[in-house]
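# build the 3D model from these lines:
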Amino acid sequence: MDSLNSILGNKEFNEPEIIEKLKQYIQLTYNSKSTIKVGPKGVTIIVSSSALANTLRLNMPDIKRRLAIKDRFNIRIG
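Model prediction:
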């Protein structure tokens, strides 16, 4: 029987490209940190303020177009 280390030792655990794109965009545009989660129902963006969350909601069509993202978005404050 193989050990867990031998099974997972050679695997690379990189973030999906969409997470990197969104984090960079939010950091550069709004100078704020965010948490991004990718799930079966779409992408969840968690930000610290309600003002930023509403700004992202209003700009979401533009963000999707700029970053070439087609997934569904949920924005949460947390």
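# where does the nearest residue to Lys33 once chain neighbours are set aside land on pLDDT?
Leaving aside its chain neighbours, Lys33 sits nearest to Gln27 (6.8 Å; criterion: Cβ to Cβ, 6 or more residues apart in numbering). To be clear about C-beta, it is placed using only N, CA and C from the backbone, and glycine gets the same treatment. Looking at Gln27, its pLDDT reads 96.
# just the element for Gln27, please.
In the assignment (DSSP states H and E), Gln27 maps to helix 17-30.
# that older thread, surely the residue nearest to Lys33 and Glu20 touch.
No: using Cβ atoms under 8 Å, Gln27 is not in contact with Glu20, being 10.7 Å away.
# so after the helix holding Gln27, what's the next helix or strand?
Past helix 17-30, the next helix or strand by DSSP H and E is strand 35-39.
# which parts of that following strand are buried?
Ile36 (16 or more other Cβ atoms under 10 Å).
# ditto for stretch 4-21
Here stretch 4-21 shows Ile18, Ile19, Lys21 as buried, counting by 16+ other Cβ under 10 Å.
# contacts only, for the first one.
Yep, that's Ile18 we're talking about. By Cβ atoms under 8 Å, 6 or more residues apart in numbering, Ile18 lies in contact with Ile36, Val38, Val43, Leu67, Ile69, Asp71.
# low-confidence ranges, the chain, go.
Scanning the chain for pLDDT under 70 picks out 1.
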